[in-house]
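Chemist: Any chance you could fold what I've pasted below:
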Amino acid sequence: MAAARWAGWRWVRLVSMLGFLVVGATAAVGAPPRVVSASPDNGDIDVDPSTGQLVIVFDQPMNRSGFSVVGGGESFPEITGQGRWRNARTFVLPIRLKPDHGYVLSINNQQFTNFRSVRDEAAVPYPIRFRTGSAAAERAEAGGGHAEAVDLLLEALTKHYSHRDKTATDWAAEIEGARATLEASASPRQFAQRVATLLSKAQDKHIWVDIDGQRLPTFFAPAVPNVDPRTLPVRVPNWKQHSRAVSSGRFEDGVGYVWIETWDRAREGEVLTAHEAIDSMLDAPAIIIDVRGNGGGDELLAQSVASRFVPQRTVYARHDWVDAGSPTGFTEPVDRVIAPSETHERYGGRVIVLTGAVVMSSGEAFVLMMRDAAGATTVGGHTQGSSGNPGPNDLGNGVVVYLPRWRAMTVEGQRFEGAGLAPDVPVEVTAVELAGRDPVLEAGLREARE
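Modeler: Next up, the predicted model:
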């Protein structure tokens, strides 16, 4: 069984972006393949434990010579037979599930990419987290009584959701249309799943539902990255890995390079090794900061790194908060400010920031810090356009809905939710190109050497 080609499920490094898939069923010409449906699917709860197969459907014909269903340990389903292709787009893997058990797996990930199209393009990773049910537990939880929870959900969406107008969804009508189904839920867990499905209409990655500590995302639209991190140690000379989150390099002419893959507070120690990398290249004529794989995290961590490049206290972004008592429904805009680091030496040379569609939330805040406060040039693709500072809304039946509470905007007051931030130097790139070169990095080097 050759792990390099088809048995990727024997080892795990799970991608952490989770949620429901809301995409079309037809692939754009030249686009990498995507999962359009899965059974069981991400976010499912109360899955029948007698379910005997995992079924994955792609948006285009696939190369049937390999697959990567990635996972491991107690959270991975028991494999009971050989995976097979039902047709050119549908893959079936025999599995055995336990009752009342949580499962985690991924269709492809950054390391295992054997689900590939007939053009040999790797499928966009599609993580799946689900939980099986227990008939006895469901009977114990049954009883309905969710009418007040539905009212609280309506109030939260119409008064406390900062992006309630983003998709022109009439939330009052949506809630009333779903009221009977929601109130008839047999358990809080079933109610939570139905709410999560309803909220997928918002197409907002910063909305999720919590039930008994289990997080149910509502929307999953995987961004196509404009970088292949696996090739960077070859493309960047003098490669050094400072931590799992940060790596650096130095080109022959002295231009420095720093890769930062997250602003996750849980990985603070790893992220802060970026200071070590920057310290090693204070004499560089230019530094390239690569955040193309950074999906955000804690904005204060992003500030700690950006402050190394800021010459003076500067407003880099603005936002307004939901205010149900205001005539507009929002507060006046609030400035977000960054100041030079008080503990680390400032780098004063030319700075280039590589960005793209994976960059969102605090990752976008970092781009604004670097662009508008540090004077960096941004190169690559549009960011994702997803922010919101989500907060909890308790529905009183054990279900908590997290909704964005602010609207992010640039210093000029331009909101970029759903649109993203345009780079100073746009660079188009395809998955086929990334197999042989890195056009974004090449453009970044040209800017650094000007």
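Chemist: Next, the distance between the ends of stretch 255-267.
Modeler: Distance across stretch 255-267, first residue to last, is 27 Å (C-alpha to C-alpha, to the nearest Å).
Chemist: Run the chain-centre distance for it.
Modeler: Remark: stretch 255-267 is offset 16 Å from the chain centroid, using C-alpha atoms, centre = their mean, to the nearest Å.
Chemist: can you pull the buried residues of it?
Modeler: Of all the residues in stretch 255-267, those buried under the rule 16 or more other C-beta atoms under 10 Å are 255-264, 267. For the C-beta atoms, the positions are set from N, CA and C on the backbone; glycine is no exception.
Chemist: and if you look at stretch 275-285?
Modeler: 275, 277-278, 280-281, 284.
Chemist: Just the ones of the buried residues of stretch 255-267 in helices?
Modeler: Using DSSP state H, no member of the buried residues of stretch 255-267 sits in helices.
Chemist: Return the closest of the residues you listed with respect to Ile289.
Modeler: Checking these against Ile289 with C-beta to C-beta, the nearest one is Val258 at 5.3 Å.
Chemist: What's the separation between that closest one and Val379?
Modeler: 14 Å (C-beta to C-beta, to the nearest Å).
Chemist: The closest residue to Asp394 other than its chain neighbours and Ala266, how far apart?
Modeler: Spatial nearest neighbour of Asp394, excluding adjacent residues (C-beta to C-beta, 6 or more residues apart in numbering): Val400 at 5.2 Å. As judged by C-beta to C-beta, Val400 and Ala266 stand 20 Å apart.
Chemist: Now do stretch 244-253: distance to the chain's middle.
Modeler: Distance, centroid of stretch 244-253 to centroid of chain: 24 Å (C-alpha atoms, centre = their mean).
Chemist: repeat for stretch 303-316
Modeler: How far stretch 303-316 lies from its chain's middle: 25 Å, per C-alpha atoms, centre = their mean.
Chemist: Secondary structure element holding the closest residue to Ala245 other than its chain neighbours?
Modeler: In this structure, Ala245 finds its nearest non-sequential neighbour in Glu270, 3.8 Å apart by C-beta to C-beta, 6+ apart. Element membership of Glu270 [criterion: DSSP states H and E] is helix 268-271.
Chemist: and Glu364, how many neighbours?
Modeler: 28 (other C-beta atoms under 10 Å).
Chemist: Quick one: end-to-end length of stretch 243-258, please.
Modeler: Stretch 243-258 end-to-end distance (C-alpha to C-alpha) = 12 Å.
Chemist: My error: substitute stretch 178-187 in the last question.
Modeler: 16 Å.
Chemist: how about the helices of this protein, start to end?
Modeler: Counting by DSSP H, the helices of the chain are 135-141, 147-159, 171-183, 188-199, 232-235, 268-271, 274-279, 299-306, 362-368, 431-434, 439-448.
Chemist: Can you tell me which of those helices is packed in deepest?
Modeler: A comparison of these by mean neighbour count, using mean count of other C-beta atoms under 10 Å, puts helix 362-368 on top with a mean of 27.
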